[in-house]
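Student: Sharing a model that was predicted from the sequence below.
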Amino acid sequence: MQDHTLTIQSENDWKTLVLENAKPVIVDFYADWCGPCKVLKPKLHSLLEQGQGKWELAIVNVDIEELQKVSSQYASQGIPAVYLFHKGQQISTFLGNNEAKAKDMAAKALTL
């Protein structure tokens, strides 16, 4: 499972691991203090495992100073904020701990 989990810690990581990734990437914007984030995270990891390496999961901590620009662009409406990117394009998004939307997003990632 961890083989396909990407930790984004800088804008360069964002560019190379998310925007330039050949595989679809589901991006989870979270914070350690966020209760719904803690509930959603294992669900996303479970979906990642079921995806058998066909897409990747990127984890973005909105509290990391180096990521303020990226976080403010994508997580300004609240967290958890989850996005699907493919070939540098935003495909879909949802806010909050929504397992049904997470499953739909994972299914969509499999079709890209």
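Tutor: That came in fine, so what should we check first?
Student: what about the protein, any weak spots by pLDDT?
Tutor: The chain contains residues with pLDDT under 70 at 1-4.
Student: centroid residue for it?
Tutor: Nearest to the geometric centre of the chain sits residue 27, at 1.3 Å (CA atoms, centre = their mean).
Student: Dihedrals phi and psi, that residue?
Tutor: Main-chain torsions, residue 27, degrees, to the nearest 10: phi -110, psi 130.
Student: how far away is residue 49 from residue 72?
Tutor: Plainly put, residue 49 is 31 Å away from residue 72 if you go by CB to CB, to the nearest Å. All C-beta spots, glycine's among them, are computed from the backbone N, C-alpha and C.
Student: the helices in this structure, which residues?
Tutor: In the chain, the helices defined using DSSP state H lie at 11-13, 35-50, 68-74, 99-111.
Student: need these in JSON lines with mean neighbour count and distance to residue 20, can you?
Tutor: Listed next are these as JSON lines, based on neighbours: other CB atoms under 10 Å; distance: least, CB to CB, whole Å:
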{"stretch": "helix 11-13", "mean neighbour count": "13", "distance to residue 20": "10"}
{"stretch": "helix 35-50", "mean neighbour count": "16", "distance to residue 20": "20"}
{"stretch": "helix 68-74", "mean neighbour count": "15", "distance to residue 20": "14"}
{"stretch": "helix 99-111", "mean neighbour count": "16", "distance to residue 20": "17"}
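Student: Done for today, thanks.
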